[in-house]
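> need a structure here:
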Amino acid sequence: MSATRVGFIGLGHISTHAHLPGLAPLVEAGDIELTAFCDISEEALAAQAAAFGAKATYTDQHEMFEREELDAVYINLPPTLHTDQVTIAADKGIALFVEKPVSLDMAQAVEFSRQVEAAGVVSQVGFMSRYYPSSEKVVEMLGERTPRHVMINLFYGGRPVRWWTSRYEECGGSFVENTIHMVDLVRYFLGDIADVSAFYQWRERGEGPEMMNMPNVYDVNYRFASGVVGNATTSRVLTDADGAGRRDVVLVCDDSMIEWSTDKVVENGKVVWEQESKGRAAFALQAKAFIDAVKAGDPSLMRSPYGPSLNSLAAVLGANASAERDGERLSLADVQSGKVAWDPRFCAGHGTPTLD
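From the prediction side, this is the model:
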């Protein structure tokens, strides 16, 4: 079988440190070729084409789509830069890998999903946490247990990393940009989410790093379609705490408390599964699943196709919308249909426009 021809739009940190290294074994095996790279930075194009062996480079995605024959394309852009990339790829029958969050506009994401479904192309959203072997172990365990409650805890540093991930109107806040990974993971464990209620805490103007204009604490409650209830807490308060932090998922079942992490699963205080940490190995597993699905034309070989992933996006944009409404319980069906929307131009519950 001939090599799958892959293009990349966006050569930022996630592409160069995760997705391209994850694809490297498939390039070496001759399963894929990196046909074309597209980025607005000619410097980045030159450096990454040399590092990963791309055959052609472009600064205009339209030119790349017009001139190159692609089987699949990775769209790794900040959510506000999603314009017509999905539309063009779907129209051309090109399989899609889209990094999360796929949009800050629920209506846009729903329309893209409609286009993908109509075109019948393979699609995957970049929720790599589903590909940790520890995640598979939890799914296996839950097949024999009755879950009642899930908790997500993410306490991490408050220093800004990149401009767009520090601005509420550009990334949706840390809950949308980062915690969406864990929200999607618990959906992998427990199924779709039905309702959300949220409260956020804001720094006052002038507090904290100057470039950041978003909440520093997010407390979100979920009710799953199955009836399971959950809580997700994220904070960016530990600006200078000597590396202190926390990232875990706890599932409470009848007579069983399961603690998930990337390299370990603990039940009732006893380690039941453990594997030496392999860095970004989940990205390689995700990449192989995507390419296998493209080659076979079989979306069932992947764990996060575009359409079903909309529930994860609605769950985090719905949290923002609830926080704007002082914790009002919202139906994710209403969020996904557009009956309820989050307006990124205003700080939820803070009363201060973010677009200065």
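> Helices of the stretch 51-200 of the chain, start to end?
Using DSSP state H, counting those that start in this stretch, the helices of the stretch 51-200 of the chain run over 61-67, 85-91, 106-119, 133-142, 168-171, 174, 180-190.
> would you list these in a markdown table and tack on mean neighbour count and distance to Asn76?
Backbone N, C-alpha and C define where each C-beta goes, glycine included. Formatted as a markdown table, the helices of the stretch 51-200 of the chain follow (neighbours: other C-beta atoms under 10 Å; distance: least, C-beta to C-beta, whole Å):
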| stretch | mean neighbour count | distance to Asn76 |
| --- | --- | --- |
| helix 61-67 | 16 | 12 |
| helix 85-91 | 21 | 10 |
| helix 106-119 | 18 | 15 |
| helix 133-142 | 17 | 22 |
| helix 168-171 | 22 | 14 |
| helix 174 | 24 | 19 |
| helix 180-190 | 22 | 15 |
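> Those helices: lowest mean pLDDT?
In terms of average pLDDT, helix 168-171 trails the rest of the helices of the stretch 51-200 of the chain, at a mean of 90.
> so how far is the next helix or strand after it off the chain centroid?
Remark: after helix 168-171, the chain's next helix or strand is helix 174, criterion DSSP states H and E. Centre-to-centre, helix 174 and its host chain are 12 Å apart (C-alpha atoms, centre = their mean, to the nearest Å).
> For helix 174, give me every contacting residue.
214-215, 218, 234, 236 (C-beta atoms under 8 Å, 6 or more residues apart in numbering).
> okay, those in TSV with distance to Ser2, pLDDT and neighbour count next?
TSV is the format used below for the contacts of helix 174 (distance: C-beta to C-beta, whole Å; pLDDT from 0 to 100; neighbours: other C-beta atoms under 10 Å):
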residue	distance to Ser2	pLDDT	neighbour count
Met214	46	85	27
Pro215	49	89	26
Tyr218	46	96	27
Thr234	44	96	25
Arg236	46	88	25
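> Name the pair among those residues with the greatest separation in space.
Met214 and Thr234 (11.2 Å; C-beta to C-beta).
> sorry, back to before: quick check: which of the helices of the stretch 51-200 of the chain is nearest to Ala333?
Using C-beta to C-beta, these put helix 106-119 closest to Ala333, at 11.6 Å.
> helices and strands around that closest one, which ones?
When contacts are defined as 3 or more C-beta pairs under 8 Å, 6 or more residues apart in numbering; DSSP states H and E, helix 106-119 sits against helix 85-91, helix 310-324, helix 332-337.
> CA-only coordinates of the second one in PDB, if you can.
If I follow you right, that is helix 310-324. Taking Å, rounded to 0.1, in the frame of the first residue of the first chain, the C-alpha atoms of helix 310-324 are listed here in PDB:
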ATOM      1  CA  LEU A 310     -18.700  18.100  20.200                       C
ATOM      2  CA  ASN A 311     -20.100  17.000  23.600                       C
ATOM      3  CA  SER A 312     -16.600  17.800  25.100                       C
ATOM      4  CA  LEU A 313     -16.600  21.200  23.500                       C
ATOM      5  CA  ALA A 314     -20.100  21.900  24.700                       C
ATOM      6  CA  ALA A 315     -19.100  20.800  28.200                       C
ATOM      7  CA  VAL A 316     -16.400  23.500  28.500                       C
ATOM      8  CA  LEU A 317     -18.100  26.300  26.600                       C
ATOM      9  CA  GLY A 318     -21.200  25.500  28.600                       C
ATOM     10  CA  ALA A 319     -19.100  25.900  31.800                       C
ATOM     11  CA  ASN A 320     -18.100  29.400  30.600                       C
ATOM     12  CA  ALA A 321     -21.700  30.200  29.800                       C
ATOM     13  CA  SER A 322     -22.900  29.000  33.200                       C
ATOM     14  CA  ALA A 323     -20.300  31.000  35.100                       C
ATOM     15  CA  GLU A 324     -21.500  34.100  33.200                       C
END
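> Can you list the buried residues in that helix?
Using 16 or more other C-beta atoms under 10 Å as the burial criterion, the residues of helix 310-324 that qualify are 310-324.
> can you check the shortest one too?
Neighbour-count burial for helix 332-337 flags 332, 335-336 (criterion: 16+ other C-beta under 10 Å).
> picking up where we left off before, between the helices and strands packed on helix 106-119, which one is closest to Ala54.
helix 85-91 (17.4 Å).
> Okay, now the unreliable bits of the chain?
Along the chain, segments meeting pLDDT under 70 span 1, 205-210, 240-243, 345-356.
> And the residue nearest the centre of it?
Among the residues of the chain, Lys100 comes closest to the average C-alpha position under C-alpha atoms, centre = their mean, at 3.4 Å.
> Relative to Ser312, how far out is it?
To Ser312, Lys100 is 8 Å away according to C-beta to C-beta, to the nearest Å.
> Common neighbours of those two, please.
Jointly contacting Lys100 and Ser312 under the rule C-beta under 8 Å, 6+ apart are 125, 127, 180, 184.
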